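Student: no sequence for this one, just the structure:
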Ligand SMILES: Nc1nc2c(ncn2[C@@H]2O[C@H](COP(=O)(O)OP(=O)(O)OP(=O)(O)O)[C@@H](O)[C@H]2O)c(=O)[nH]1
Ligand SMILES: [Mg+2]
């Protein structure tokens, strides 16, 4: 579903103003010779047109629910983490409640006008007043769903296809590596409701491309430090990542000692498939340090220097891994 089909967020007053103005305009088009009958028809038209507009607005707003349901798991988890889906659904329920109430009121008001159960103008005003009062009860929800729409609009667009996710503690060189691996400037996308940015870069391979993602704040600290919801967002990366490169800084200039880097690596390795260690900052790493680290990790690693453009080993590994998957 297209997010553009979700209407802009209006306050109840704004929504009523638009609906009533449209209704008044439509009512002026009523052409009946008999004055009394014309008045009746015009007021009935105002009720119908305003109700139609409001009901259709609310229906379209409620579609935010489908938009979330059909989002891919990573996006759904991001939304869950940032706004909480339970709250979204209860706001949508409130809009449905208002929509149904206004639709019923419309049927009753029009019938009353047609059956001459009072002065048509008074009956129509009565409908307007009650509608305003119902909509007033959805003020908080309309406002909140406006924010949700914005969050959905700003979700990072992640393409399908072979995807490499970069993991590792802060400052080890993940973003530098992404920049080095991808020939064009990376796309920068914001997470909803935070100031964090996701970096996306692409390695062209013939007509296809390999996508590389650097998601700060996600795979950069132990799961034990996370609440339940954050864990969900992290685990949703499983659906997305074909290959995870875990970046180490053996020089520890990043500020994190090797033992904490290794324990995060172990954790990610046990929760995800296809996790591969990369030793970055090889330009300033003594040979014996790399060997020691490899021993601790328990196997060979890829070595690179992201800032010195020595990243061929990593690049060929990515190309090799993606070979039968593109
Ligand atoms: N000498 C050297 N410095 C590097 C290398 N790669 C990255 N750096 C430096 O390490 C610092 C951190 O690099 P970033 O690429 O920002 O690291 P990051 O992992 O993306 O950090 P966060 O986004 O905070 O998680 C920067 O000052 C880089 O210049 C490298 O291969 N060699
Ligand atoms: Mg970074």
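Tutor: Yep, that arrived. Since the structure is predicted, the reported quantities are computational estimates derived from the model, not experimental observations. Numbering: from 1, shown residues only. Ligands and ions are numbered 1, 2, ... in the order given.

Student: Pull the distance from stretch 56-64 to the chain's centre.
Tutor: Its chain's C-alpha centre and that of stretch 56-64 lie 18 Å apart, by CA atoms, centre = their mean, to the nearest Å.

Student: ok, and for it, which residues are buried?
Tutor: 57-58, 61-64 (16 or more other CB atoms under 10 Å). In short, each C-beta sits where N, CA and C put it, glycine included.

Student: same deal with stretch 139-147?
Tutor: Using 16+ other CB under 10 Å as the test for burial, stretch 139-147 gives 141-142, 144-146.

Student: Name the surrounding residues that touch it.
Tutor: With contact meaning CB atoms under 8 Å, 6 or more residues apart in numbering, stretch 139-147 is reached by 8-12, 15, 61, 64, 83, 87-88, 91-92, 94-95.

Student: follow-up on the earlier one: among the buried residues of stretch 139-147, name the ones in helices.
Tutor: When the buried residues of stretch 139-147 are checked against helices (DSSP state H), the matches are 141-142, 144-146.

Student: So what does residue 210 have for phi and psi?
Tutor: As for residue 210, its main-chain torsions (degrees, to the nearest 10) stand at phi -100, psi 130.

Student: residues touching it, list them.
Tutor: The contact partners of residue 210, by CB under 8 Å, 6+ apart, come to 161-164, 202-203, 318-319, 322, 326.

Student: got a winner among the residues you listed for most neighbours?
Tutor: residue 164 (25 neighbours; other CB atoms under 10 Å).

Student: Now stretch 9-25: buried residues?
Tutor: By neighbour count with 16+ other CB under 10 Å, stretch 9-25 contains the buried residues 9-10, 12, 15-16, 19-20, 23.

Student: actually stretch 278-289, sorry about that
Tutor: Residues 278-282, 285, 289 are the ones in stretch 278-289 that count as buried (16+ other CB under 10 Å).

Student: Give me the pLDDT for residue 221.
Tutor: Listed pLDDT for residue 221 reads 78.

Student: where's it relative to ligand 1, distance?
Tutor: Distance, residue 221 to ligand 1, using CB to the nearest ligand atom, to the nearest Å: 10 Å.

Student: One more: residue 285?
Tutor: Noted for residue 285: a distance of 9 Å to ligand 1, by CB to the nearest ligand atom.

Student: For that residue, grab phi and psi.
Tutor: Per degrees, to the nearest 10, the backbone of residue 285 is at phi -100, psi 120.

Student: Sweet, I'm off.
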